[in-house]
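>>> structure for this input, please:
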Amino acid sequence: MTKSIDPVGLNLGRTRRQALGLISAGTVLLGAGVAPAFAATTGGADEVLTEGAVLRDPEIPVAGNADGDITIVEYFDFNCPYCRKLEPELRQVVQDDGKVKLVYKDWPVLGPVSIAAARLALATKYQDKYVAAHDALMGTASRLTEPRIRELLSGAGIDVDRATKDLETNAKAIDAILARNNDQATAFGFKGTPAFIIGKFRVPGALTMAQFDQAIADARKAAAKK
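Numbering: from 1, shown residues only. Okay, here's the model as predicted:
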């Protein structure tokens, strides 16, 4: 199936309604270049989709090149089989490119265990272990349970008891992260996981390695035209 990406038009100060006006009006096929997609918009106070909130939230874990010229934002659920399937390929693309910042936005939409996994994984960032936690939970072939989550994290060298305490201490901040991620994904119109923002393009679904490469190239071309 051919995937498409849509210009999002993320800018500081742009409201949710204005950003959404740029999402649907001008779909472009990967590799076909970047097309402007403007629609009539109205004002509003909603700042859910500002560039800073989506691309540079300081509370959100990152991988790849933190100073990269292109940012990929991934909205995912640890229990999503499609997220798990594409994860090795996405990481390979990011590694091979060398100039991509990968932003992990936990979006647990598949039930209470997904929420538990996301909350505990985010708690591991207080011991600088989030990427290890992410990889451990994404690397399993079976559906997660709460005991399995703890087992996988422990096997990845994470102090699970400390993560549990950090979750209790920082529950408000962690739940706020999940709420922000959910607000953004919903505002973008994403229907499920995985979903991505690549540069300033909206990608509502999984891509192959070649399609990721093309989307990154298109994002760079769009940035160069500014």
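>>> now the element after the worst-scoring helix or strand of the chain on mean pLDDT, going C-ward?
Every helix and strand of the chain was ranked by mean pLDDT, DSSP states H and E. The lowest is strand 28-29, at a mean of 31. With elements assigned by DSSP states H and E, the helix or strand that comes after strand 28-29 is helix 51-55.
>>> show me what whichever helix or strand comes after that next one is in contact with.
The helix or strand immediately downstream of helix 51-55 is strand 62-64, counting by DSSP H and E. For strand 62-64, contacts defined as Cβ atoms under 8 Å, 6 or more residues apart in numbering pick out 72, 91, 94, 95, 100, 101, 102, 103, 104, 131, 134. Any C-beta I mention is one placed from the backbone N, CA and C, and that applies to glycine too.
>>> can you pull the pLDDT of the closest residue in space to the fourth one that isn't next to it in sequence?
Closest residue to residue 95 in three dimensions, ignoring its sequence neighbours and counting by Cβ to Cβ, 6 or more residues apart in numbering: residue 64, at 7.5 Å. The per-residue pLDDT reported for residue 64 equals 96.
>>> so which helix or strand takes in the residue positioned nearest the centre of the chain?
Centrality entry for the chain: nearest residue to the mean C-alpha point is residue 74, 2.0 Å, by Cα atoms, centre = their mean. Using DSSP H and E, residue 74 falls within strand 70-76.
>>> against residue 91, how distant is the nearest residue to residue 67 once chain neighbours are set aside?
What sits nearest to residue 67 in space, not counting adjacent residues and going by Cβ to Cβ, 6+ apart, is residue 101, at 7.4 Å. According to Cβ to Cβ, to the nearest Å, residue 101 and residue 91 sit 13 Å apart.
>>> residue 118 too?
19 Å.
>>> for residue 112, same thing?
Distance of residue 112 to residue 91, computed by Cβ to Cβ: 27 Å.
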